[in-house]
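**Q** no sequence on this one, just coordinates:
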Ligand code: CA
C-alpha cells in the first residue's frame, strides 16, 4: 500500500541507466530515467522525486550545474541528490558536495552499494519514506505493517491520509504549510490545489476519532500534529 519512493535517474549512458532502473524497480523504488539536464528539469517541474541520482558528466548542462540549480530553489532544495561519477579524484567529489550533493558514488559501483547509499540519504533527509514506526503521544503508526493505533485500538486510515499522518508524526509539533504538505505527500504542487490538503486533513481527523484533536489547524499557517491534543486556540 505504501507509495514507492520515486527516484529520478539522470544518466546519459543507456546501459548504465537501464541497469540502475532495473535494480531500483526490483528493490521497491519507482525509477524514472532521463538522459540529459533539460529532460531532468522537465521531470522535476512535473513531479518532484524523492531522490535524484545525478550523473556528473552529461551532454549539455553538467550534473554539478544541475545540483547547484536545484539546491537554490525552495521547491527542489529538500530533495536528496546522489551524484554518480566515473572519476574518483578528490577535487571532483568536493566540487560535487559543494554544489549541494548529499553523497556521491563512483562508477563502477555494486547494486548493493547504490541501494545502501540511496536508503542512507533518504533516511537523513526524508525519514518518513524509509523509517517504519513512529509514536507521538498515544498515537502509533507502523509503516511496515500499515497500521495506525491510538491507545492500543487500531484505526482505519486511507492511503493518502496515512501518508499525511506519517509525515505529520515524523515532524510533530512543527507547523507545515499546505504547500509543504503538497510537496511532501503528493510530491507535486503543480497539478493539485491546496484545498485538497484540507479535504484530506478532514478525512484524517474523521479516521482518528478520539485522537482527531492532535491534528491542529494553525490559522493562516497550516497544520501541526501535536502530542498535547486540543489546545488554547479554540475554534471560533
Ligand atoms: Ca555520463
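**A** Yep, that arrived. Here the structure is a predicted model, which means the values were calculated and not measured. Numbering: from 1, shown residues only.

**Q** All the strands of this structure, residue numbers only.
**A** Secondary structure of the chain (DSSP state E): strands at 6-10, 30-34, 51-55, 81-85, 103-106, 133-136, 139-142, 147-150, 153-155, 215-218, 222-225.

**Q** The fifth one - contacts with which helices or strands?
**A** Meaning strand 103-106. strand 81-85, helix 90-98, helix 111-125 (3 or more CB pairs under 8 Å, 6 or more residues apart in numbering; DSSP states H and E). Just so you know, the C-beta spots here come from the backbone N, C-alpha and C atoms, and that holds for glycine as well.

**Q** The ion: which of the strands of the chain is closest?
**A** Closest approach to the ion among the strands of the chain (CB to the ion): strand 51-55, 4.4 Å.

**Q** contact partners of the closest one?
**A** For strand 51-55, the external contacting residues (CB atoms under 8 Å, 6 or more residues apart in numbering) are 5-13, 20, 40, 44, 63, 66-67, 70, 79-85, 101, 114, 118, 121-122, 126.

**Q** Give me the subset of the residues you listed that also touch the ion.
**A** Cross-checking the contacts of strand 51-55 against the ion (CB under 5 Å from the ion) gives residue 12 as the overlapping residues.

**Q** Find the closest residue to the ion in the protein.
**A** With CB to the ion, the shortest gap between the chain and the ion falls at residue 57, namely 3.9 Å.

**Q** mind listing what that residue touches?
**A** Applying CB under 8 Å, 6+ apart, the residues contacting residue 57 are 12, 63, 85, 86.

**Q** can you do 10 Å?
**A** Shown in contact with residue 57 (CB atoms under 10 Å, 6 or more residues apart in numbering): 11, 12, 13, 63, 64, 84, 85, 86, 87, 107.

**Q** Near residue 26, how many other residues are there?
**A** Residue 26 is flanked by 10 other residues according to other CB atoms under 10 Å.

**Q** was I right about it contacting residue 4?
**A** No - using CB atoms under 10 Å, residue 26 is not in contact with residue 4, being 11.6 Å away.

**Q** Just send the strands of the chain back as a markdown table, with distance to residue 195 and mean neighbour count too.
**A** Below are those laid out as a markdown table (distance: least, CB to CB, whole Å; neighbours: other CB atoms under 10 Å):
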| stretch | distance to residue 195 | mean neighbour count |
| --- | --- | --- |
| strand 6-10 | 24 | 24 |
| strand 30-34 | 27 | 19 |
| strand 51-55 | 29 | 26 |
| strand 81-85 | 31 | 25 |
| strand 103-106 | 37 | 18 |
| strand 133-136 | 26 | 16 |
| strand 139-142 | 25 | 19 |
| strand 147-150 | 24 | 18 |
| strand 153-155 | 24 | 13 |
| strand 215-218 | 13 | 17 |
| strand 222-225 | 13 | 21 |
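
**Q** do you know which of those lies nearest residue 75?
**A** Set against residue 75 and scored by CB to CB, these come closest in strand 51-55, at 12.9 Å.

**Q** List the strands paired with the closest one, with their directions.
**A** The pairing partners recorded for strand 51-55 under DSSP bridges are strand 6-10 (parallel), strand 81-85 (parallel).

**Q** lowest-pLDDT helix or strand in this protein?
**A** helix 127-130 (a mean of 68; mean pLDDT, DSSP states H and E).

**Q** So residue 96 versus residue 197, what's the distance?
**A** 35 Å (CB to CB, to the nearest Å).

**Q** wait, residue 74
**A** Distance from residue 74 to residue 197, by CB to CB: 18 Å.

**Q** Report the residue spans of this protein with pLDDT below the cut-off.
**A** The model of the chain has pLDDT under 70 over residues 1-3, 87-90, 127-132, 188-190, 229-236.
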